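Colleague: Please find the sequence and the predicted model below.
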Amino acid sequence: MDAGYGVERSTGVLFGAWGSVRVVPHVELALRVEGGRLNASTPSAIERDVGEVGLDARWSASPWLVLLAGATRRVYSTDLGRQSWTTAGAGAEARLPLLEEGLRGVLRASLLPVVSVSGTPGPNLGVRAAAGLEYHWPTVGIAALYSLERYDFPRQGTAQRLEQLAALTLRLDVSPGSSRHR
Amino acid sequence: MRRLVVGIALATLAAPPLVAQSSTADLLQQASQFYEHLDVERALPLLRQIVSPNWPFEVTPAERVEAYKYLGACLALVGKRDSAVLYFRAAIERDPFADLDSDRFTPAQLGLFAEARRLTFAVAVRPVVSARIDPRTERLSFTVVSTHATTLEARVRAVGGSAGRVLFSGASDGPREIPWDGLLADGRLASPGRYELIVVGRSGLVPRTDSARVFFDVAREVAPLEDTLQDLAVAALLPERAPRSAATRSLLEGLGVAGATLAVSAGLSNPGLRGSLRAGAGVVADAATVSGVVAFLVQRGQPEMPANVAANVQRRARRAAENDAIRRRNAEKLAAATLIVTPAAGLGP
């Protein structure tokens, strides 16, 4: 992030879990919980704890297209205080079958028109994008996704706050008793 | 003179034509009345006229048999036993069903008729009478006869068909009713078509064998049957092998995912922040590229698509089950069919 005083970079490993349930044919609801610590990678940065809860709705419009809508609540905690982020947005996910047995590519993009950050005005731009691979066996799946969130806040005087969150997500899916076609 | 000739011609034209049937029947009736009055001397010439080759009128087989029976009866009355037996045999040979009414003929006549039966060997079948039978509860009855003790076999079969089904096999003497339930040798209901009943007899008294047959048609009255469904067309099945274009498409998709990953990392990130975990994006992009190449190599040989194969197996199984159900329902309808039996015109198919 850059709050007008130089780039502050933090890196770390987050752990999480998520679960989904099909509410009606072609529509799933997914709940996601993540958390971890981001360590300072630049001198100006400070260590932050991150906790996040997200709720997403997914509608499989076709075998290769899924429409998404969801909201996320994220909290950063530092020794100086807490900052909470609330985002809501919608997007789409394209699924590209590479092999019939279950390997597919995933491309995802969402626009976040609603971003609320405590203590500061919301950003002018909020977008999220991801790309990666998923492989599914009948009851188990693995995924590797690269994702990026970008937030550009309105300029205040000579300074403009910029925030960006990039992640490499490794995910293990387990679907007891049935074939997974998420 | 000319007027007289014209008058005779008109009278000839106006006269009713001779009816052969009634002439023979009238003469037979007259002879019968003479016989009833024991006027044998007047009955015999009339009966001999009827059986004579010179008799100008048509004589039906039944009339001829009747004439022979009365001839035999008359001669029996006058004590000409051998001649009586001869005429009785003539009657029996022409109609093995011929018999004397015990109320109208004397024991002596009956005895001579029985002797004629012992000396003559023949088997016969009565023509089939039109009938409608429910094979589950009713039977078609064939009437057969042998003139004396016989080893008899009655067999029904489709004309031109195989050996058929034996309906009766054993000793028999005189008339016999043989029932048929409409089933053939294979246990199935007779299909529509022409059939024949063949009766073969071997005499128990004289070294002779005789046979007779009767033809009849069988039709079925059955509820409308359902057509079975056609086999699934290619368009109704999923492709079981990956198309050749799938390999190229998978390669392009893998490269596309790799490119998109790098584009997200490089193009979407804010340049002012100088850093977007590009190493992570590189890992995913490399994995996508490798996956695309592997998918290309795997699918280049048009591999089988197990999911589609399994789905097609299920579809074919469903179609087979539907057809089995239709065949089962049709079989039940056929089993409940009514047989319509009619005598066949002519002798053969």
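Modeller: Received, thanks.
Colleague: contacting residues around whichever strand or helix holds A:Gly54?
Modeller: Here A:Gly54 sits within strand A:48-62, counting by DSSP states H and E. Identification of contacts with strand A:48-62 by C-beta atoms under 8 Å, 6 or more residues apart in numbering or on different chains yields A:10, A:12, A:14, A:16, A:20, A:26-38, A:66-78, A:93, A:182. The C-beta positions use only the backbone N, C-alpha and C, and glycine is treated the same way.
Colleague: now swap in stretch A:23-38 and tell me
Modeller: Residues contacting stretch A:23-38 (C-beta under 8 Å, 6+ apart): A:10-22, A:47-61, A:70, A:182.
Colleague: Narrow those to just the buried residues.
Modeller: Buried residues within the contacts of stretch A:23-38, defined by neighbour count using 16 or more other C-beta atoms under 10 Å in any protein chain shown: A:Ser10, A:Ser20, A:Arg48, A:Val50, A:Gly51, A:Glu52, A:Gly54, A:Asp56, A:Arg58, A:Ser60, A:Gly70, A:Arg182.
Colleague: of the residues you listed, closest to chain B?
Modeller: Proximity of the buried ones among the contacts of stretch A:23-38 to chain B (C-beta to the nearest C-beta) peaks at A:Ser10, which lies at 10.7 Å.
Colleague: Quickly find the element holding the closest residue to that closest one other than its chain neighbours.
Modeller: Once flanking residues are discounted, A:Ser10 sits nearest to A:Leu38: 3.8 Å by C-beta to C-beta, 6 or more residues apart in numbering or on different chains. Assessed by DSSP H and E, A:Leu38 sits inside strand A:27-40.
Colleague: Can you mark which positions in that strand are buried?
Modeller: A:Glu28, A:Ala30, A:Arg32, A:Glu34, A:Leu38.
Colleague: and if you look at stretch B:189-197?
Modeller: Across stretch B:189-197, burial judged by 16+ other C-beta under 10 Å covers B:Leu189, B:Ala190, B:Arg194, B:Tyr195, B:Glu196, B:Leu197.
Colleague: Can you flag which of these belong to strands?
Modeller: B:Arg194, B:Tyr195, B:Glu196, B:Leu197 (DSSP state E).
Colleague: Now render those as CSV, adding distance to chain A and pLDDT.
Modeller: Compiled in CSV, those are given as follows (distance: C-beta to the nearest C-beta, whole Å; pLDDT from 0 to 100):
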residue, distance to chain A, pLDDT
B:Arg194, 59, 93
B:Tyr195, 59, 94
B:Glu196, 63, 93
B:Leu197, 65, 94
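Colleague: and those as a markdown table, adding distance to B:Asn323?
Modeller: Formatted as a markdown table, these follow (distance: C-beta to C-beta, whole Å):
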| residue | distance to B:Asn323 |
| --- | --- |
| B:Arg194 | 31 |
| B:Tyr195 | 31 |
| B:Glu196 | 35 |
| B:Leu197 | 37 |
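Colleague: Output the below-cut-off pLDDT ranges for chain A.
Modeller: Where chain A drops to pLDDT under 70, the residues are A:100-101, A:177-182.
Colleague: And B:Gly267, what's its pLDDT?
Modeller: On the pLDDT scale, B:Gly267 is placed at 85.
Colleague: now the residue nearest to A:Ser10: how far from A:Ala88?
Modeller: Distance, A:Leu38 to A:Ala88, using C-beta to C-beta, to the nearest Å: 23 Å.
Colleague: re the thing from before, for chain B, state which of the buried residues of strand A:27-40 is nearest.
Modeller: Using C-beta to the nearest C-beta, the buried residues of strand A:27-40 come closest to chain B at A:Leu38, 12.2 Å.
Colleague: Could you give the bridge partners of that closest one?
Modeller: Beta bridges link A:Leu38 to A:Gly12, A:Arg48, judged by DSSP bridges.
Colleague: Provide a list of residues in contact with the residue in the stretch 101-250 of chain B positioned nearest to chain A.
Modeller: Per C-beta to the nearest C-beta, B:Ser250 is where the stretch 101-250 of chain B lies closest to chain A, at 4.7 Å. Counting by C-beta under 8 Å, 6+ apart, B:Ser250 touches A:Pro97, A:Leu98, A:Leu99, B:Gly292, B:Ala295, B:Phe296, B:Gln299.
Colleague: sec struct for it, please.
Modeller: Under DSSP: H, G, I helix; E, B strand; the rest coil, B:Ser250 falls in the helix class.
Colleague: and the strand holding A:Gly54, C-alpha only, in PDB?
Modeller: Taking Å, rounded to 0.1, in the frame of the first residue of the first chain, the C-alpha atoms of strand A:48-62 are listed here in PDB:
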ATOM      1  CA  ARG A  48      -0.500  -6.600  10.500                       C
ATOM      2  CA  ASP A  49      -2.900  -9.400  11.400                       C
ATOM      3  CA  VAL A  50      -5.600 -10.000   8.900                       C
ATOM      4  CA  GLY A  51      -8.900 -11.700   9.400                       C
ATOM      5  CA  GLU A  52     -11.500 -12.100   6.700                       C
ATOM      6  CA  VAL A  53     -15.000 -13.500   6.200                       C
ATOM      7  CA  GLY A  54     -16.700 -13.700   2.800                       C
ATOM      8  CA  LEU A  55     -20.000 -14.800   1.600                       C
ATOM      9  CA  ASP A  56     -20.400 -15.500  -2.100                       C
ATOM     10  CA  ALA A  57     -23.300 -16.600  -4.300                       C
ATOM     11  CA  ARG A  58     -22.500 -18.500  -7.500                       C
ATOM     12  CA  TRP A  59     -24.900 -19.200 -10.400                       C
ATOM     13  CA  SER A  60     -23.700 -21.600 -13.000                       C
ATOM     14  CA  ALA A  61     -25.200 -20.000 -16.100                       C
ATOM     15  CA  SER A  62     -23.500 -22.600 -18.400                       C
END
